[in-house]
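Kindly return the folded structure for what I paste below:
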Amino acid sequence: MNNLKNIRWKQRFQNFEKSFMLLEKFIAIENPDEITRAGGIQFFEMTFELAWKTLKDYLENEKYVTKTPRETIKIAFQVGLISDGHEWMDGLDDRNITVHTYDEDTANAVESRIREKYHPLLKKLYDKLKKAC
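Presented below is the predicted three-dimensional model:
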């Protein structure tokens, strides 16, 4: 059973990696138009979702039990898998906002936070898990 959990987090990581690479392409665009911004925000939503699910699978492989995104982030922070736990929680909140609302001012504000806060957090996680694979 443990071997299956080890395989599961690595499979989930592959999906996270694909999504993260798309987010990286968006980050490289300096002045996105409205359509590109909307796509970039969608990449963030998808990448963040896969990030916490990858963390959950990784933690389960390490014998931790989590059920929700908040619980997963909290445990990942406690065991040192991620740093900046409050920023991860902020990212979860922004992901929830963007999934349910589209407003130009909100989109601009979230895009800025994606570039300045969340992309670096996701990059740290990506780099750490890439080494663990």
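
quick one, phi psi at P69?
Main-chain torsions, P69, degrees, to the nearest 10: phi -60, psi -40.

switch to numbering from 889
Sure thing, new numbering starts at 889, so read that last one as P957.

Regarding the nearest residue to K941 once chain neighbours are set aside, which helix or strand does it belong to?
Distance criterion C-beta to C-beta, 6 or more residues apart in numbering; nearest residue to K941, sequence neighbours excluded, is R900 at 5.8 Å. For every residue, glycine as well, the C-beta is placed using N, CA and C. According to DSSP states H and E, R900 maps onto helix 890-915.

Give the buried residues for that helix.
Counting neighbours by 16 or more other C-beta atoms under 10 Å, one finds that the buried residues in helix 890-915 are 893, 896-898, 900-901, 904-905, 907-908, 910-911, 914-915.

what's the answer for stretch 963-972, then?
Buried residues in stretch 963-972, counted by 16+ other C-beta under 10 Å: I963, A964, F965, L969, I970.
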